[in-house]
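[1] How does the following fold in three dimensions:
(one chain, ligands or ions: 1)
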Amino acid sequence: MRLRARTVEIADPGALLELLPDSHTFAWLRRGEGLVGWGEAARLDTSGADRFLRASDWWRDLVEHADVEDDVAAPGSGLVAFGGFGFADEPGDSALVVPQVVVGRRRGMAWLTVVGDAAEPLPTPHLVGSPTSEIGDTVRFADGALSGAQWESVVADAVRRIQAGDLEKVVLARDLLAETRAPIDVRRPLRRLARGYPMCWTFHVDGWFGATPEMLVRRERGLVTSRVLAGTIRRTGDDAHDLTLAATLARSSKDLEEHEYAVRSVADALGPYCDSMNVPDAPFVLHLPNVMHLATDVTAVVHDSSGANALELAAALHPSAAVGGTPTKTAVRLISEIEGMDRGRYAGPVGWIDATGDGEFGIALRSAHLEGSTVRLFAGCGIVADSDPAAELAEATAKFVPVRDALAARD
Ligand SMILES: C=C(O[C@@H]1C=C(C(=O)O)C=C[C@H]1O)C(=O)O
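    A predicted model of the protein is given here:
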C-alpha cells in the first residue's frame with residue numbers, strides 16, 4: 001500500500017500521554033517531549049537473525065513510495081514508525097508499526113502527523129484523550145521462570161564459567177509475574193513511569209512498556225549518540241549516604257571493568273559506520289530514584305557514504321555488552337543455555353525511526369510485557385568473575401522497582 005502523511009505544527013496539546021485514546025497505543029517520551037501515536041497505517045511483523053535488516057529494508061521501501069507533506073521537518077515529524085525488537089535471534093519476535101496519528105513535541109514545538117492510504121483523503125483526528133480505568137485493588141506478584149534461590153544458583157554457575165576462562169562477562173536476567181483481577185490499562189503505569197523517572201525514556205510498543213535509562217542509539221541529522229550503562233549500586237534513600245556510595249561506585253574496579261567492556265563493545269560496533277567518535281575517558285554516575293549507574297555517552301558522526309539509518313545502527317550495536325556480555329556470541333549462547341526463560345523483547349531495541357533515517361532506539365530495560373491482566377516484569381545484572389549471587393539478586397530486585405511501583409493499585 002502507498003501511504004500518504006501530513007505533518008502540521010499545532011498549539012501545545014498538553015501532556016502527550018493524556019492524548020492517548022486507549023491502551024493500544026505507542027509512546028516514546030522523556031521530560032514531556034517525544035512522540036505518542038495510535039492506530040495502524042502499516043505494520044511489519046518480523047523475526048530471526050535478520051529482523052533489523054528486514055525492518056530497515058521494509059522502511060526504506062515504504063518511505064520511498066510515500067507522499068509526505070511535512071511543514072515541521074524536525075526529527076520525528078513526517079512519516080514515523082515505532083519499533084520493538086526481540087532480544088535473541090530466535091524466535092526474535094519484532095515489529096515496526098506506522099501509526100495513523102502521531103503527536104510530537106520537541107524543544108517546545110508540537111506537531112500532528114496523520115497517515116493513511118494515498119488513495120483516500122486523510123481524516124482530521126480530534127486530540128482528546130479518554131479516561132483510563134483504575135488498576136484493580138489487588139496486584140499479586142509471583143516468581144516467573146525461576147525463584148530467587150534458583151536464579152542465584154544460575155548466577156553462581158555463570159561465575160564459575162567466567163572464572164574458568166570461558167568468557168569475561170554475561171548479563172543474566174529473571175522475570176516476575178504480576179496478576180490483577182481486571183485487565184490493565186497501560187496508560188496508568190506509563191504515566192507513573194514518566195512522572196517518577198523523568199530522566200529515563202518511557203516507552204510502549206505492542207504491550208511492551210517501561211522506562212529505560214539506556215539509549216542504544218540516537219541518530220539526529222547524522223549525529224549519533226549512545227548512552228552506555230554498566231556498573232550499578234542500589235540507593236538507600238539517604239541522600240548523603242548515596243553520595244558516598246556514588247563515589248565508591250566511581251572507584252570500584254569490578255564496576256569500572258564491567259563498564260569498560262560495555263563501552264568498548266559500543267565503540268567497536270559503531271566504528272565501521274562513523275567518524276569523529278568521542279569516547280570519554282571516565283564514566284559519570286547517573287542517579288535514578290532506585291539505583292545509580294556508571295554511564296558513558298559515546299558520540300560520533302555517521303559516514304556520508306554508509307548513510308546507516310537508526311535501525312541499521314541498532315542492528316550493529318545489539319546486543320551490547322551491557323545486556324549480552326563479552327565476548328558477545330559466547331555470552332548470548334550462555335544466556336539461552338542457563339537463564340531458563342525467553343526474554344522476548346526485554347533488553348532488545350525499542351523506539352522509533354523517521355523518513356530521514358533519524359530515530360532513537362533505547363534498550364528495553366526496567367520493562368515488562370502486558371497481556372490482559374498479566375504483566376511479566378524483567379530485570380538483569382552484569383555478572384563478572386567476582387560477582388556475588390546474593391548481591392546480584394538484590395540488584396535485580398531494585399531494578400524491578402520502577403514497573404512494580406507503576407503497577408501499584410493507587411498513587
Ligand atoms: C540488564 C539490566 O541492566 C543493565 C545492567 C547493568 C549492570 O549490570 O550494572 C546496568 C545497566 C544496564 O545496562 C536491567 O536493567 O535489566
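[2] Pull the contacting residues for the residue of the stretch 151-300 of the chain found nearest the ligand.
    For the stretch 151-300 of the chain, the residue closest to the ligand is T232, as judged by Cβ to the nearest ligand atom, at 3.4 Å. For every residue, glycine as well, the C-beta is placed using N, CA and C. Contacts for T232 (Cβ atoms under 8 Å, 6 or more residues apart in numbering) come out as 249, 255, 291-294, 381-382, 395, 398-399.
[3] if we go to 10 Å?
    249, 255, 258-259, 286, 288, 290-294, 381-382, 392, 395-396, 398-399 (Cβ atoms under 10 Å, 6 or more residues apart in numbering).
[4] And G129, by the same measure?
    Counting by Cβ under 10 Å, 6+ apart, G129 makes contact with 13-22, 36, 187.
[5] measure it to the ligand for me?
    30 Å (Cβ to the nearest ligand atom, to the nearest Å).
[6] What is the three-state secondary structure of that residue?
    coil (DSSP: H, G, I helix; E, B strand; the rest coil).
[7] Quick check: pLDDT value at it.
    Here the pLDDT value assigned to G129 is 74.
[8] Equivalent analysis for E258, please.
    83.
[9] now swap in K254 and tell me
    At K254, pLDDT is 83.
[10] Give me the number of neighbouring residues for it.
    For K254, the neighbour count with other Cβ atoms under 10 Å is 15.
[11] could I get whichever strand or helix holds it in PDB with only the CA atoms?
    Assessed by DSSP states H and E, K254 sits inside helix 253-270. Only the C-alpha atoms of helix 253-270 are listed here, as PDB (Å, rounded to 0.1, in the frame of the first residue of the first chain):
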ATOM      1  CA  SER A 253      37.400  -1.800  39.900                       C
ATOM      2  CA  LYS A 254      34.700  -4.500  39.400                       C
ATOM      3  CA  ASP A 255      32.200  -1.900  38.100                       C
ATOM      4  CA  LEU A 256      34.800   0.000  36.100                       C
ATOM      5  CA  GLU A 257      35.900  -3.200  34.400                       C
ATOM      6  CA  GLU A 258      32.300  -4.200  33.600                       C
ATOM      7  CA  HIS A 259      31.700  -0.700  32.300                       C
ATOM      8  CA  GLU A 260      34.700  -0.700  30.200                       C
ATOM      9  CA  TYR A 261      33.600  -3.900  28.400                       C
ATOM     10  CA  ALA A 262      30.200  -2.300  27.600                       C
ATOM     11  CA  VAL A 263      31.800   1.000  26.300                       C
ATOM     12  CA  ARG A 264      34.300  -0.900  24.200                       C
ATOM     13  CA  SER A 265      31.500  -3.100  22.600                       C
ATOM     14  CA  VAL A 266      29.600   0.100  21.600                       C
ATOM     15  CA  ALA A 267      32.600   1.900  20.200                       C
ATOM     16  CA  ASP A 268      33.700  -1.200  18.200                       C
ATOM     17  CA  ALA A 269      30.200  -1.700  16.800                       C
ATOM     18  CA  LEU A 270      29.800   2.000  15.700                       C
END
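[12] picking that back up, quick one: buried ones out of the contacts of G129?
    13, 16-17, 19-21, 36, 187 (16 or more other Cβ atoms under 10 Å).
[13] just so I have it, where are all the strands in the stretch 151-300 of the chain?
    169-180, 201-205, 208-212, 215-220, 223-234, 274-278, 284-287, 291-302 (DSSP state E, counting those that start in this stretch).
[14] just these: most buried one?
    Most buried of the strands of the stretch 151-300 of the chain, by mean neighbour count (mean count of other Cβ atoms under 10 Å): strand 201-205, with a mean of 28.
[15] who does that strand pair up with?
    strand 25-30 (antiparallel), strand 208-212 (antiparallel) (DSSP bridges).
[16] Can you convert the ones you listed into TSV and add a column each for mean pLDDT?
    Below are these laid out as TSV (pLDDT from 0 to 100):
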stretch	mean pLDDT
strand 25-30	97
strand 208-212	98
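[17] now those strands as TSV including distance to P131?
    Output for the strands paired with strand 201-205, formatted as TSV (distance: least, Cβ to Cβ, whole Å):
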stretch	distance to P131
strand 25-30	14
strand 208-212	19
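[18] Need the ones you listed in CSV (columns: distance to the ligand).
    Shown next, in CSV, are the strands paired with strand 201-205 (distance: least, Cβ to the nearest ligand atom, whole Å):
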stretch, distance to the ligand
strand 25-30, 17
strand 208-212, 8
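[19] thinking again about what came up before, a markdown table for the strands of the stretch 151-300 of the chain, including distance to G340?
    Formatted as a markdown table, the strands of the stretch 151-300 of the chain follow (distance: least, Cβ to Cβ, whole Å):
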| stretch | distance to G340 |
| --- | --- |
| strand 169-180 | 8 |
| strand 201-205 | 25 |
| strand 208-212 | 20 |
| strand 215-220 | 25 |
| strand 223-234 | 22 |
| strand 274-278 | 37 |
| strand 284-287 | 30 |
| strand 291-302 | 24 |
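[20] Between strand 169-180 and the helix holding K254, find me the angle.
    90 degrees (axes from the mean of the first three to the mean of the last three Cα atoms, to 10 degrees).
[21] the inter-axis angle of the helix or strand hosting K329 versus helix 253-270?
    Secondary-structure assignment from DSSP H and E places K329 in helix 328-338. Here helix 328-338 points in a direction 120 degrees away from that of helix 253-270 (the same axes, to 10 degrees).
[22] Show me what helix 328-338 is packed against.
    Contacts defined by 3 or more Cβ pairs under 10 Å, 6 or more residues apart in numbering; DSSP states H and E place helix 328-338 against helix 148-163, strand 169-180, helix 253-270, strand 325-326, strand 374-383.
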